[in-house]
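**Student:** How does the following fold in three dimensions:
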Amino acid sequence: MTINLLGSYRNGNYDVTIFSDGTKIRENDLDFFEAQFPENIDLKITDYCDVNCAFCHENSTVHGEHSILDAEFFRTLRPYTELAIGGGNPLSHPELIPFLINLKKSKILANLTVNQVHFEKHYNLLKHLMDKELIRGLGVSLVNPTDKFISMVQSLDNLIIHTINGIISKNQISKLYDKNLKVLILGYKNIRRGKDYYSESVDQNIEMMYNLLKYGLTEHFEIVSFDNLALNQLRVKSLISKSLWDEFYMGDDGQHTMYIDLVKREFSKSSTCFERHPLMDDIDNMFAVVKTIK
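**Tutor:** Coordinates of the predicted model:
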């Protein structure tokens, strides 16, 4: 895969450079980065989903509503801002493709997260969207690591398999070993249906994952990454050197990122934060509020 420069911009007191493989570099001559606006926005566009995962922290169902994709703040986003678009099932939103076209015209980098069920069902559509650069990265939430699924994943660049800490089993993760795959480990969200689903087996799976990390899990994948919740649950900081942590840690929730629930038209620093605020018309104003949330 050829790696190209996508773009660069100034954000607060530092410069950001983004490449086509997802690499992001922050640079300045100081010992801290202070953002003026979010580099990455976790954006929920629908509560509709027909998979009905027992641990869904968004409580998505077939009765879930779609959002209206016309919020004023979109017009205040800087070029090369990244949107992590999800749901629910974002592919079910009737205005998704026109929305993606408008984002591309504004040089906003759209990434999409879908369930494995919908990935396999809509593979050709997703490949088309990636080929047309309407989505730059694709996250696929793992259900069952079959040979068919792994083959489909290997056929696409810039695809990362999403796994949930506490849900994925040792047998499932081992089926993904040594196939040049990229994996994102997400923390277990003990809210909504996730709270109802929680049991001792979740904690046992989290401890299992910690031990796998401790004894070389990362050697079996091209890339292993984590959200902040998983970093905390798996005590990743204790497993690597300070220099590696300082080099790769991308910051706390709300430092460079934020969450927007477009269905409910509210925002916060993350999807697990219950301090929510009504949408504003300017992204800088919303981000200023996010940085005050404890």
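
**Student:** use CA for all of it now, contacts and neighbours both
**Tutor:** OK.

**Student:** contacting residues for the closest residue to residue 108 other than its chain neighbours?
**Tutor:** Closest residue in space to residue 108, ignoring its immediate chain neighbours: residue 80 at 4.9 Å, by C-alpha to C-alpha, 6 or more residues apart in numbering. The contact partners of residue 80, taken as C-alpha atoms under 8 Å, 6 or more residues apart in numbering, are 6-9, 18, 107-109.

**Student:** from these, which single one is nearest residue 222?
**Tutor:** residue 18 (19.3 Å; C-alpha to C-alpha).

**Student:** Can you give the distance from the helix or strand that residue 100 is a member of to the centre of its chain?
**Tutor:** Take DSSP states H and E as the rule and residue 100 turns out to sit in helix 96-105. Centre-to-centre, helix 96-105 and its host chain are 19 Å apart (C-alpha atoms, centre = their mean, to the nearest Å).

**Student:** Past that helix, which element shows up next along the chain?
**Tutor:** Following helix 96-105 in sequence, per DSSP H and E, is strand 109-115.

**Student:** Pull the residues that contact the following helix or strand past that next one.
**Tutor:** Tracing the chain C-terminally past strand 109-115 and defining elements by DSSP H and E, one meets helix 116-121 next. Outside helix 116-121, the residues that touch it by C-alpha under 8 Å, 6+ apart are 51, 89, 91, 126, 140-144, 149, 152.

**Student:** buried set for helix 116-121?
**Tutor:** Buried positions in helix 116-121, judged by neighbour count with 16 or more other C-alpha atoms under 10 Å: 116-120.

**Student:** can you check stretch 31-40 too?
**Tutor:** 33, 35-40.

**Student:** Keeping just the C-alphas, turn that stretch into CSV.
**Tutor:** Output of stretch 31-40 as CSV, limited to C-alpha atoms (Å, rounded to 0.1, in the frame of the first residue of the first chain):
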residue,chain,number,x,y,z
ASP,A,31,6.3,20.0,26.2
PHE,A,32,2.5,19.9,25.8
PHE,A,33,-0.2,20.1,23.1
GLU,A,34,-3.1,22.5,23.6
ALA,A,35,-5.9,22.0,21.0
GLN,A,36,-8.3,24.7,19.9
PHE,A,37,-10.7,22.3,18.2
PRO,A,38,-11.1,18.5,18.1
GLU,A,39,-8.9,16.5,15.8
ASN,A,40,-11.3,13.5,16.0
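
**Student:** re earlier: between the buried residues of stretch 31-40, which is nearest residue 281?
**Tutor:** Using C-alpha to C-alpha, the buried residues of stretch 31-40 come closest to residue 281 at residue 37, 13.5 Å.

**Student:** my read: that closest one touches residue 291, true?
**Tutor:** No - the pair residue 37 / residue 291 is not scored as a contact, 10.1 Å apart, by C-alpha atoms under 8 Å.

**Student:** Where do the strands of the protein begin and end?
**Tutor:** Here the chain has its strands, by DSSP state E, at 5-11, 14-19, 24-27, 40-44, 82-86, 109-115, 137-141, 159-164, 182-186, 223-226, 257-261, 266-268, 277-278.

**Student:** Can I get those in CSV including distance to residue 196?
**Tutor:** Formatted as CSV, the strands of the chain follow (distance: least, C-alpha to C-alpha, whole Å):
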stretch, distance to residue 196
strand 5-11, 40
strand 14-19, 39
strand 24-27, 37
strand 40-44, 22
strand 82-86, 22
strand 109-115, 21
strand 137-141, 20
strand 159-164, 16
strand 182-186, 18
strand 223-226, 24
strand 257-261, 22
strand 266-268, 23
strand 277-278, 26
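
**Student:** got the residue ranges for the helices in this structure?
**Tutor:** Under the criterion DSSP state H, the chain contains helices at 96-105, 116-121, 123-131, 147-154, 170-175, 193-197, 200-214, 228-233, 242-248, 283-290.

**Student:** which stretch in those has the least confidence?
**Tutor:** Here the lowest mean pLDDT among these goes to helix 242-248, at a mean of 94.

**Student:** Would you mind writing the CA trace of that one as CSV?
**Tutor:** These are the backbone C-alpha positions of helix 242-248, laid out as CSV (Å, rounded to 0.1, in the frame of the first residue of the first chain):
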residue,chain,number,x,y,z
LYS,A,242,7.7,5.3,29.7
SER,A,243,9.3,6.3,26.4
LEU,A,244,6.9,4.2,24.4
TRP,A,245,3.9,5.4,26.3
ASP,A,246,5.0,9.0,25.8
GLU,A,247,5.5,8.4,22.1
PHE,A,248,2.2,6.6,21.3
